[in-house]
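Peer 1: Fold the following for me, if possible:
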Amino acid sequence: MEKKDLKEQIRKIILEKLKDLNLEKSENKIKEDLVLNIPHKVITASDIESLDNHSIVKIRSDAIITPLAKEIIENKKINLSFSDIKKENLKIALGSDHAGYKLKEELKAFLKRKNIDYFDFGTHSEERVDFNEFAYKVAREVSDGNFDFGIIIDGLGIASSIVANKLPGIRAAVCNDTKSAAISKEHVWSNILTLGSMSITPDEMRDIVDTWLKTPFGTDRYERRVKKIFELERKLEG
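Peer 2: Residues are numbered from 1 along each chain as shown. You can find the predicted model right below:
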């Protein structure tokens, strides 16, 4: 084979490869165009009525879908993907009763050092109060989508978790060690962490909170199972 013919053959091979690469990029772009992220909490018909059939929509794990939007989703066979859209700057809602006040102050200093935004919904002293009020405040803010996550501290963490879990979209977990913190976040996508001031030290609290915040929501089988929780909530909401 002459050198000229060899060069021409190589040129053709390169051109074919370039065509394949461009086609692959185009196909990936088409797939990306079919995916829509809806960051707000309430999904209405206007959000999805213009979408093509079989589109993929990523929504918040605590999203509320209106009845008309549900009907459009069913008719167009739109695939919903429940996963919280990642944000660079987290907003954390904090709360405690009198038993958790001191540990909450340690937590605030820790979050401040890590440049994490937070708001303290109280209590603001060691004067005796009922835990219900402050657990509800934090859970309400997270449920309404005003904050990404919540952390509540009482004596053991149990009482506050019971109150928080009464609100829609809340998955509050009592975690007094790093293992349970990681598992609660990965396996069931916990969005509120409750801690017990009588169960852990300030150093342990910092490790638990750091682990919980850094652990991502699990995918695959974990997402499939958490979806069932969302579906159950929506059935109960009517």
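
Peer 1: Domain boundaries for the protein, per the record?
Peer 2: 3-85, 91-214 (automatic domain parsing).

Peer 1: tell me the average confidence for the longest one?
Peer 2: What that stands for is domain 91-214. Rounded to a whole number, the mean pLDDT of domain 91-214 is 96.

Peer 1: Tell me which of the domains of the chain is the most buried.
Peer 2: Counting by mean count of other C-beta atoms under 10 Å, domain 91-214 has the highest mean neighbour count of the domains of the chain, with a mean of 19. To be clear about C-beta, it is placed using only N, CA and C from the backbone, and glycine gets the same treatment.

Peer 1: Could you give the separation of it from the chain centroid?
Peer 2: In terms of C-alpha atoms, centre = their mean, to the nearest Å, the centre of domain 91-214 is found 16 Å from the chain centre.

Peer 1: Using CSV, lay out the domains of the chain together with distance to Leu232.
Peer 2: Putting the domains of the chain into CSV (distance: least, C-beta to C-beta, whole Å) gives the following:
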stretch, distance to Leu232
domain 3-85, 13
domain 91-214, 11
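
Peer 1: Figure out which of the ones you listed is closest to Phe230.
Peer 2: Within those, the stretch nearest Phe230 is domain 3-85; the backing value is 5.7 Å (C-beta to C-beta).

Peer 1: circling back to that earlier point, indicate which one of the domains of the chain is closest to Glu223.
Peer 2: Closest among these, using C-beta to C-beta: domain 3-85, at 6.9 Å.

Peer 1: That concludes my questions; thank you for your assistance.
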